[in-house]
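A.B. asks: Attaching a predicted model along with its sequence, questions to come.
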Amino acid sequence: MKGVIRMATIKDVAKKAGLSVSTVSRYPNDHPYISDEKEKRIKAAMDELNYSPSMVATQLRSKKGTMIGILVSRITNPFFSYLVDSIEKNSKLLGYNVLVIQTYDDPAAELKMLELLKQQVITGLIMCSVEGNPDVIETYQQYGPIVFCNERIPGSTIPQVYTDQEQATFEATNYLIGKGYKKIAYCTGGSLTKGGHGNARTAGFEKALLERKLPMKKDWIFKEVHTIADGHRIAENLLSLPGNNRPDAIFTGSDEVASGILQKFLEAGKKVPEDLAIMGFDNQPFTAMLAVKLTTIAQPVDALGREATKVLVAQIEETAYQIDTTDLKLELIERESA
């Protein structure tokens with residue numbers, strides 16, 4: 001009985017040459033960023049495996065194209081919707097498709113997306129929220145490039161595209177204090193655990209209060225809140241507090257949460273900002289159309305998505321790219337609510 005002869009694949013060539021599949025895939029096209037030394041290694045591996053450059057093209061055509069993974073906590077958050085839109089538009093301009101997965105702040109769901117990188121379902125991954133252990137995430141870089149977008153993890157080896165959210169929150173909190181508010185509540189989408197998302201904002205908030213020796217009461221802290229409905233619940237909680245234990249301002253960390261609080265306070269016959277000053281975050285389009293226009297912080301969503309995509313693609317294609325920080329600035333938008 002004759003044995004079955006297995007034909008070599010592009011992965012076999014990459015393994016033999018000690019290079020990535022994406023590097024080998026560019027060999028037939030005389031890609032300008034493949035060095036002479038790498039070309040020699042690829043050619044030697046192909047010769048040894050009896051593999052021709054035309055077979056590379058055949059295998060690549062059999063696939064749907066290079067896929068980039070985008071990981072977000074929840075796509076229903078308008079900020080993440082706009083961010084994904086920016087990443088997808090920029091990815092398509094560079095010849096890539098995208099696969100979006102929501103984690104709902106679950107580290108296990110995050111790990112499943114990383115496994116897709118390991119299985120080569122995706123070529124690279126942009127993580128727009130991070131809940132898992134950064135040290136564990138770093139180990140997956142051996143399977144493909146990873147970029148943190150809108151997340152800053154000090155000391156991590158993973159490239160990061162971010163804004164200074166700690167400083168922006170510090171300044172926004174000082175803005176409230178400068179307006180005369182001394183009892184300031186705080187909301188975060190994170191869990192307040194070490195390494196969880198939202199920690200930079202929390203650090204900025206705490207720093208501002210500490211410098212002014214203002215209280216940070218447990219009853220005024222709300223974690224893992226994201227939606228208008230969450231804002232409704234927070235407002236009901238605040239309204240149930242005795243008047244002398246009720247905050248006079250709140251930093252919400254989210255325009256959606258802020259709008260929910262605003263709605264319930266107005267329905268209860270309260271005045272904003274007289275009874276409660278409200279600070280949003282993101283500057284979503286609806287914030288200028290509310291009954292009381294929302295004071296908030298504008299994020300450079302388009303720039304975040306553009307730069308994160310360029311950094312990731314540069315890694316995939318093994319080219320150099322320097323992050324353009326020109327537009328990666330946060331801006332306080334002063335309106336009526338605070």
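C.D. replies: In hand now; what should we look at?

A.B. asks: ok, residue 177 - how many residues close by?
C.D. replies: Neighbourhood size, residue 177 [other Cβ atoms under 10 Å]: 17. Quick note: C-beta positions are derived from backbone N, CA and C, even for glycine.

A.B. asks: show me what contacts the residue lying closest to residue 335 once chain neighbours are set aside?
C.D. replies: Once flanking residues are discounted, residue 335 sits nearest to residue 293: 3.9 Å by Cβ to Cβ, 6 or more residues apart in numbering. By Cβ atoms under 8 Å, 6 or more residues apart in numbering, residue 293 lies in contact with 287, 335-337.

A.B. asks: And the furthest pair within the residues you listed?
C.D. replies: The most widely separated members of the contacts of residue 293, counting by Cβ to Cβ, are 287 and 336 (10.5 Å).

A.B. asks: tell me, what's touching those two both at once?
C.D. replies: Common neighbours of residue 287 and residue 336 (Cβ under 8 Å, 6+ apart) are 293-294.

A.B. asks: where does this protein have its least confident helix or strand?
C.D. replies: helix 53-61 (a mean of 52; mean pLDDT, DSSP states H and E).

A.B. asks: Which of residue 287 and residue 336 has more residues huddled nearby?
C.D. replies: A side-by-side neighbour count of residue 287 and residue 336, using other Cβ under 10 Å, places residue 287 first with 23 against 15.

A.B. asks: my guess is the more buried one contacts residue 281, does it?
C.D. replies: No: judged on Cβ atoms under 8 Å, residue 287 makes no contact with residue 281 at a distance of 9.9 Å.

A.B. asks: Need the overlap of contacts for these two.
C.D. replies: Taking Cβ under 8 Å, 6+ apart as the criterion, residue 287 and residue 281 both touch 255, 258, 296.

A.B. asks: Could you identify the buried members of the residues you listed?
C.D. replies: Buried subset of the shared contacts of residue 287 and residue 281 (neighbour count, 16 or more other Cβ atoms under 10 Å): 255, 258, 296.

A.B. asks: Redo these as a markdown table? Include distance to residue 52.
C.D. replies: Formatted as a markdown table, these follow (distance: Cβ to Cβ, whole Å):
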| residue | distance to residue 52 |
| --- | --- |
| 255 | 56 |
| 258 | 61 |
| 296 | 58 |
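
A.B. asks: tally of neighbours for residue 47?
C.D. replies: Using other Cβ under 10 Å, residue 47 is surrounded by 10 other residues.

A.B. asks: ok, now how distant is it from residue 12?
C.D. replies: The gap separating residue 47 from residue 12 is 13 Å, by Cβ to Cβ, to the nearest Å.

A.B. asks: do residue 174 as well
C.D. replies: From residue 174 across to residue 12, the span is 60 Å (Cβ to Cβ).

A.B. asks: before we move on, what about residue 277?
C.D. replies: 64 Å.

A.B. asks: Compare those two and say which is more crowded by neighbours.
C.D. replies: residue 277 (22 against 17).

A.B. asks: so what pLDDT did that one get?
C.D. replies: pLDDT for residue 277: 98.

A.B. asks: List phi and psi for it.
C.D. replies: Main-chain dihedrals, residue 277, degrees, to the nearest 10: phi -80, psi 140.

A.B. asks: what pairs with it across the strands?
C.D. replies: Beta-bridge pairing of residue 277 under DSSP bridges involves residue 249.

A.B. asks: so who does it touch?
C.D. replies: By Cβ under 8 Å, 6+ apart, the contact list for residue 277 reads 176, 179, 181, 248-250, 295, 337-338.

A.B. asks: now residue 8
C.D. replies: Residues near residue 8 by Cβ under 8 Å, 6+ apart: 49-51.

A.B. asks: part of a helix, is residue 100?
C.D. replies: No: assessed with DSSP: H, G, I helix; E, B strand; the rest coil, residue 100 is strand; it does not lie in a helix.

A.B. asks: SS state for the residue nearest to it when sequence neighbours are not counted?
C.D. replies: In space, and not counting its chain neighbours, residue 100 is closest to residue 70: 4.8 Å by Cβ to Cβ, 6+ apart. Applying three-state DSSP to residue 70 yields a three-state assignment of strand.

A.B. asks: Report how many residues lie close to residue 70.
C.D. replies: Residue 70 is flanked by 27 other residues according to other Cβ under 10 Å.
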